[in-house]
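Chemist: got a predicted structure here, sequence first:
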Number of protein chains: 2
Amino acid sequence: MGRSSYREKILSAGISIAHERGFATSGVRDFVQAAAVPQGSFINNFGSKEAFGIAVLDRYFEGLDDIIGQTLRDEARGPIERLRSYFDTISASCEQAGWRLGCLIGNMSLEAPNHSDAIRERLVRIFADWKQPFAEAVRAAQACADLSADLDPDDVAEFLLAGWHGAMLRMKVDRSGEPLERFKRVVFATVLARPAFASTSTGKP
Amino acid sequence: MGRSSYREKILSAGISIAHERGFATSGVRDFVQAAAVPQGSFINNFGSKEAFGIAVLDRYFEGLDDIIGQTLRDEARGPIERLRSYFDTISASCEQAGWRLGCLIGNMSLEAPNHSDAIRERLVRIFADWKQPFAEAVRAAQACADLSADLDPDDVAEFLLAGWHGAMLRMKVDRSGEPLERFKRVVFATVLARPAFASTSTGKP
DNA sequence: ACAGATTATATGTATGGCCGTATATGAATC
DNA sequence: GATTCATATACGGCCATACATATAATCTGT
């Protein structure tokens, strides 16, 4: 083997830079400069900017998965509470960034798919994984009658995940947490409302 | 005055190119080449790429406003029907593009705010205008008891608009219309469901 | 109605800088 | 001694913008 590798250093700098300035609009030189490593180490370690993008995506989602573990999968709480805690935790981290950054995965979802199929396909996989803990929380809520069972839990899970990304898109434009708060207000009063209090009885056959 | 101007030609080419390849990742040369005009005409007419971006945004939203006029503001239909018709119309146009393009305004919302405050502020204004017809439809639905009046109509309007953008984000990644259909399924069964004994959401009043 | 000034835009090219990638050479590890 | 990676530099190409000049349409004064 060779020496100790700057891979980690470049990766974590890459997440910051891509998150702040966008992946497509950041140059390889921005990444290596932020990591304070020579430029050649970039190609040595990742081969291409596209491959680096995939590595960045994976690493970012690992961090997200930690948050998911502490919130969405925290079975000490009820399922609706778990969902609320996930959204609140993300809100807090968005606030820390001055409502400026949004979600790197969401950002790359609108940037990359027209340029790179490899990145697009990785995004498909990530969203498929991401959906699961949402779907489990929704199923659990339906099982304990905290939520009406009229709707397909996978539909609801995907809806929540996508809608939350829409809220973060608006957050970036408005530079305000209000879109996130609005999302929570509406969702917990309707889609995730307890059957008795909800105004959602559509009499599905 | 001078001669007849390539402004329109560049603008409409710019919408296509920016929609297909992204605004930030397209070059001025891509725009002028697609418009088949000499490069100097770009700066002559728009001054800078940033100013051009704003012009593109405005023009794109004008087109959207036509669709809004034929659907969301079509008072021949009931308010819930108007909302459905808007989403269906956009879905159809997304399908025509092979689920590849999404919404240019949404795309630029994640691209531009970190690079250009001028574009970000224009986006804020556009979203503020865009919200209005949604809010009016929601208010109308609440007034004729097609919708519970529990929620702030502006909250619901912003929620729908943002959520729809989230659905289009997923559409771009999945290259599929399913995220849009899912959005409609969930929204019309919950947030936009009739308060009590709804018959069918597709039936005419 | 006509000549000339004025203005807006066309047109082509130049500029300085950044882009992603490739590749040599050398050092450290197995 | 093979391998892996650090390190530095090089490459061809594209970037947004600036600018000099040409040309067509309008305005002005007569």
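Modeler: Happy to help now that I have it. Numbers count the residues shown, from 1 in each chain, chains lettered A, B, ... in the order given.

Chemist: ok, and does the helix ranked longest in chain A reach over to chain B?
Modeler: Using DSSP state H to define each element, chain A has its longest helix at helix A:117-143. Yes. Judged by Cβ under 8 Å from any Cβ of the partner chain, helix A:117-143 comes into contact with chain B through A:120, A:123-124, A:127. Just so you know, the C-beta spots here come from the backbone N, C-alpha and C atoms, and that holds for glycine as well.

Chemist: how about the residue of chain A found nearest chain B, nearest residue that isn't a chain neighbour?
Modeler: Relative to chain B, the nearest point of chain A is residue A:166 (2.8 Å; Cβ to the nearest Cβ). Take residue A:166 and drop its neighbours on the chain: the residue closest to it by Cβ to Cβ, 6 or more residues apart in numbering or on different chains is residue B:166, 2.8 Å away.

Chemist: low-confidence ranges in chain A?
Modeler: Applying pLDDT under 70 to chain A flags the ranges A:1-4, A:196-205.

Chemist: which residue does it bring closest to DNA strand C?
Modeler: Residue nearest to DNA strand C within chain A: residue A:27 (2.6 Å; Cβ to the nearest atom of the strand).

Chemist: measure that residue to residue B:47 for me?
Modeler: Residue A:27 is 25 Å from residue B:47, where distance means Cβ to Cβ, to the nearest Å.

Chemist: can you check residue A:112 too?
Modeler: Residue A:112 is 30 Å from residue B:47, by Cβ to Cβ.

Chemist: what residues of the host helix or strand of residue A:95 count as buried?
Modeler: In this assignment (DSSP states H and E), residue A:95 forms part of helix A:79-96. Neighbour-count burial for helix A:79-96 flags A:79-80, A:82-87, A:90-91, A:94 (criterion: 16 or more other Cβ atoms under 10 Å in any protein chain shown).

Chemist: so is the next helix or strand after that helix next to chain B?
Modeler: Proceeding N to C from helix A:79-96, the next assigned helix or strand is helix A:104-111, under DSSP H and E. Yes. Counting by Cβ under 8 Å from any Cβ, chain B is contacted by helix A:104-111 at A:106-107, A:109-111.

Chemist: rewinding a little: relative to helix A:117-143, how tilted is the helix holding residue A:95?
Modeler: Angle, helix A:79-96 to helix A:117-143, by axes from the mean of the first three to the mean of the last three Cα atoms, to 10 degrees: 140 degrees.

Chemist: CA atoms of helix A:79-96 as PDB?
Modeler: Taking Å, rounded to 0.1, in the frame of the first residue of the first chain, the C-alpha atoms of helix A:79-96 are listed here in PDB:
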ATOM      1  CA  PRO A  79     -44.600   7.000  15.500                       C
ATOM      2  CA  ILE A  80     -46.100  10.500  15.000                       C
ATOM      3  CA  GLU A  81     -43.700  11.900  17.500                       C
ATOM      4  CA  ARG A  82     -40.800  10.300  15.700                       C
ATOM      5  CA  LEU A  83     -41.800  12.000  12.500                       C
ATOM      6  CA  ARG A  84     -42.100  15.300  14.200                       C
ATOM      7  CA  SER A  85     -38.800  14.900  15.900                       C
ATOM      8  CA  TYR A  86     -37.100  14.100  12.500                       C
ATOM      9  CA  PHE A  87     -38.500  17.300  10.900                       C
ATOM     10  CA  ASP A  88     -37.600  19.400  14.000                       C
ATOM     11  CA  THR A  89     -34.100  18.100  14.000                       C
ATOM     12  CA  ILE A  90     -33.500  18.900  10.300                       C
ATOM     13  CA  SER A  91     -35.200  22.300  10.800                       C
ATOM     14  CA  ALA A  92     -32.700  23.100  13.600                       C
ATOM     15  CA  SER A  93     -29.700  22.200  11.400                       C
ATOM     16  CA  CYS A  94     -31.100  24.300   8.600                       C
ATOM     17  CA  GLU A  95     -31.500  27.200  10.900                       C
ATOM     18  CA  GLN A  96     -27.900  26.800  12.000                       C
END
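
Chemist: any part of it near chain B?
Modeler: No. Helix A:79-96 lies apart from chain B when judged by Cβ under 8 Å from any Cβ; the minimum separation is 13.3 Å.

Chemist: for that helix, give me every contacting residue.
Modeler: Residues outside helix A:79-96 that contact it (Cβ atoms under 8 Å, 6 or more residues apart in numbering or on different chains): A:67-68, A:70-75, A:77, A:101-103, A:134, A:137-138, A:140-141, A:144, A:146-147, A:160, A:164, A:168, A:171, A:177, A:180-181, A:183-184, A:188, A:192.

Chemist: what's the first helix or strand after the helix or strand where residue A:30 lies?
Modeler: Assigned by DSSP H and E, residue A:30 belongs to helix A:28-35. Proceeding N to C from helix A:28-35, the next assigned helix or strand is helix A:40-46, under DSSP H and E.

Chemist: name the helices or strands packed onto that next one?
Modeler: Packed against helix A:40-46 by the contact rule (3 or more Cβ pairs under 8 Å, 6 or more residues apart in numbering or on different chains; DSSP states H and E) you find helix A:7-21, helix A:28-35, helix A:49-70.

Chemist: and the first one with chain B, contact?
Modeler: Yes. Using Cβ under 8 Å from any Cβ, helix A:7-21 reaches chain B at A:20-21.
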